[in-house]
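Novice: need a 3D model of the sequence below.
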Amino acid sequence: MSSFRKALKSKQRDHKERSQPGFRRHLGLLEKKKDYKLRADDYHRKENTLNALRKKAMDKNPDEFHFKMIHSQLKDGVHVIKQQEEEMTEEQKKIMRTQDIRYVEMKRVAEAKKIERLKSELHLLDADGKQKNKHTFFVDTRKDVEDFDLATHLNTAPELVERAYNRPTLDTLAKKSIMGAVDPKSVKRLAKQRKLQYELLSQRIDREKKMFVMTQKIQTRKDLQDKNKKVKVRKETINRAAVYKFEAKRKR
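Specialist: Next comes the predicted model:
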């Protein structure tokens with residue numbers, strides 16, 4: 001029974017960790033096992049790092065080449081990257097940007113001329129969303145306005161009045177059959193060619209817009225070389241150049 005009483009946890013007193021003796025208080029807190037564990041883990045981690053670096057240095061090829069060997073130099077025990085000489089002066093860069101702007105602008109003008117030529121050939125007859133042309137007819141009296149018949153005035157069939165092109169007159173329709181004179185295969189081939197021409201026109205319009213944006217971006221970069229104090233008003237995107245606001249400076 002006495003041995004059981006001694007084994008009871010409730011009857012045992014708390015064993016507290018030993019504190020630092022009074023004559024050693026000037027040395028600080030007494031290190032416990034958890035403190036030793038942290039110190040030992042830190043020591044072994046550093047030891048493993050040093051061993052890994054030592055092994056890497058031993059296995060390194062002495063003939064290995066790296067570009068920083070020629071682009072850096074040692075100053076006061078610190079590696080400093082050498083400053084490369086400027087390949088072009090600021091004046092040369094400005095001239096090159098000016099030439100770039102002229103070249104892109106020349107290509108853009110050439111594209112614009114090709115677009116105008118294609119538009120004059122196609123007239124955008126089948127383009128969706130295009131505003132229809134208006135044809136105004138003038139008559140003498142109000143009674144003529146009330147009795148005005150567009151098909152009679154144009155001398156064509158009423159079914160062909162809404163056409164913007166290929167609108168034959170009654171005389172032409174009486175002389176020969178339009179659908180019989182034209183081969184259906186030829187009509188299909190012409191429609192396909194017209195569709196390809198419209199696609200080519202759309203591509204040239206997009207290309208001309210991109211060149212215009214490119215010209216603006218090059219001009220902006222050229223202007224930034226002359227100005228010092230600037231504030232960005234709008235960021236640069238794919239479809240537009242950046243916009244900067246410069247400090248007003250009086251010219252002498």
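Novice: check which element follows the helix or strand that contains residue 206 along the chain.
Specialist: Using DSSP states H and E, the element containing residue 206 is helix 184-224. Next helix or strand after helix 184-224 toward the C-terminus (DSSP H and E): strand 230-234.
Novice: helix 184-224 and the helix or strand hosting residue 104, what's the angle between them?
Specialist: Residue 104 is located in helix 90-122, with elements delineated by DSSP H and E. Helix 90-122 runs at 160 degrees relative to helix 184-224, counting by axes from the mean of the first three to the mean of the last three Cα atoms, to 10 degrees.
Novice: and helix 90-122, what's buried?
Specialist: Of all the residues in helix 90-122, those buried under the rule 16 or more other Cβ atoms under 10 Å are 97, 100, 101, 104, 105, 108, 111, 115, 118. C-beta: built from backbone N, CA, C; applies to glycine.
Novice: can I get these in TSV including distance to residue 10 and pLDDT?
Specialist: Shown next, in TSV, are those (distance: Cβ to Cβ, whole Å; pLDDT from 0 to 100):
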residue	distance to residue 10	pLDDT
97	89	80
100	91	85
101	93	87
104	92	88
105	96	90
108	95	90
111	96	92
115	99	90
118	101	86
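Novice: what number of residues lie near residue 239?
Specialist: Counted with other Cβ atoms under 10 Å, the neighbours of residue 239 add up to 8.
Novice: now residue 211
Specialist: Counted with other Cβ under 10 Å, the neighbours of residue 211 add up to 19.
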